[in-house]
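Colleague: pasting a predicted model and its sequence here:
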Amino acid sequence: MREVRDRYEIFLKVCETGSFTKAAEALNYTQSGISQMMAGLEEELGVQLFARAKKVGVLTDNGQRLIPCIREMVNQQEKLRQAAFNINNKVEGRLRIGSFSSVTAMWLPHVVHFFKENYPQVEMQIFDGNYDEIHDWIVRGQGVAEAAACYPGRFIPLVYLNPLEGADICREKVETYVDGKGFRGIKMNPLRHAFVADDTAVDPVMEMARSRHLPVFIHSGHPPYSLPWSIALLAERFPEVKTVMIHMGHGHGVYIDAALKMAKRFPNIYLEMSGMPMGVKIRQAYEEVGHDRIMFGTDYPFHHPSVEIQKVLTCGLDEAAMQDVFYNNAKKLLGE
């Protein structure tokens, strides 16, 4: 169990660093040890992950395709480890897991067996489905609302809306979750639902946010739907609505710079930094956009929290500024 887990984690570290040697240095392994473990992983999966070239660590096309699945598996295992740690000596309770079919079939049975051996009185509920099914299961109150009720002040839920479903459906969800259950904001993902961020279909949602003084969180950084310029046009139309540009442009330097420029231009635009790889831009946002308008995020399970934390810790801000980014700014924005 331990060896399999290490192989997957080491694979991701090689992908992150771009070489076996750098991964070995980061993990305190030998380069030959990394090579042997990656060869073992290739044999286990039956897929050549790395190109046989002078530069060791170059992924094949198949290796690139497997990155999301392997990252998903590592994150799921870390989630279970954390759950086990939190439960500690408590032998009763319920653990709910939403899992993609590939993870459920390939990896989860071994983890569940290990967990049940150590915590036999814990009830495990596994919901197997695709992204939409798992999302619907959570949104129906089978997780987020319960967590918020159990841990007030630590879990602050947002209602997830698709404007293309129409104003009536969005209004019903806002009334159910914001008015009825105390959710504190609205989240939209133009990329996933295929609408441009400044489309007029979004206006009814923004009006709901404006009338309730709710912040709106919008995924950014992927053309053609969620570019910073489109989000800025939406924010310009609704200056009373605090609009958070999630990922602050994401992984493209042009979009990251655009996110910074738009936030400097429009005072109701806030930036969230998960998935954005350039730590120096976090400091730039803090100093140029505003110390209260840049905040921490992880985009878990798509990015590992430790990576996102390190970006803040190494971006050059002092302790007080990091406290703002990690905690104070989100607390203020969400009305805690």
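Modeller: Sure, I can see it. Numbering: from 1, shown residues only.

Colleague: I'd like the next helix or strand past the host helix or strand of Ala209.
Modeller: Under the criterion of DSSP states H and E, Ala209 resides in helix 203-212. Note on helix 203-212: by DSSP H and E, the next helix or strand toward the C-terminus is strand 216-219.

Colleague: neighbouring strands for that next one, and are they parallel or not?
Modeller: Partners of strand 216-219 in the sheet, by DSSP bridges, are strand 185-188 (parallel), strand 243-246 (parallel).

Colleague: with just CA atoms, put the first one into PDB.
Modeller: Written as PDB, here are the backbone C-alpha positions of strand 185-188 (Å, rounded to 0.1, in the frame of the first residue of the first chain):
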ATOM      1  CA  GLY A 185     -21.900  33.800  -1.800                       C
ATOM      2  CA  ILE A 186     -22.400  32.600  -5.400                       C
ATOM      3  CA  LYS A 187     -20.000  30.600  -7.600                       C
ATOM      4  CA  MET A 188     -20.100  30.300 -11.400                       C
END
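
Colleague: mind checking how far the helix or strand hosting His110 is from the chain centre?
Modeller: Assigned by DSSP H and E, His110 falls within helix 108-118. Here helix 108-118 is found 25 Å from its chain centre; the criterion is C-alpha atoms, centre = their mean, to the nearest Å.

Colleague: list the pairing partners of the helix or strand just after it within its sheet, with orientation.
Modeller: With elements assigned by DSSP H and E, the helix or strand that comes after helix 108-118 is strand 122-128. If you go by DSSP bridges, strand 122-128 pairs up with strand 93-99 (parallel).

Colleague: from Val111, how far off is the most centrally placed residue in the chain?
Modeller: The centre of the chain sits closest to Asp299, judged by C-alpha atoms, centre = their mean, with a distance of 1.1 Å. For Asp299, the distance to Val111 equals 23 Å [C-beta to C-beta, to the nearest Å]. Using the backbone N, CA and C atoms, a C-beta is placed for each residue, glycine as well.

Colleague: now swap in Ile294 and tell me
Modeller: 36 Å.

Colleague: so between those two, which is more surrounded?
Modeller: The neighbour count for Ile294 versus Val111, taken as other C-beta atoms under 10 Å, is higher for Ile294 (28 against 20).

Colleague: correct me, but that one touches Val325?
Modeller: Yes. Using C-beta atoms under 8 Å, Ile294 is in contact with Val325, at 5.9 Å.

Colleague: determine the residues that are contacts of both of those two.
Modeller: 273, 282, 286 (C-beta atoms under 8 Å, 6 or more residues apart in numbering).

Colleague: which of those residues has the most neighbours?
Modeller: Neighbour max across the shared contacts of Ile294 and Val325 (other C-beta under 10 Å) = Met273, 29 neighbours.

Colleague: helix or strand right after the lowest-mean-pLDDT helix or strand in the chain?
Modeller: Ranked by mean pLDDT, DSSP states H and E, the helix or strand of the chain with the weakest confidence is helix 131-139, at a mean of 63. Per DSSP H and E, the first helix or strand lying C-terminal to helix 131-139 is helix 144-150.

Colleague: quick one: contacts of that next one?
Modeller: Counting by C-beta under 8 Å, 6+ apart, 138, 155-157, 177, 181-183 sit against helix 144-150.
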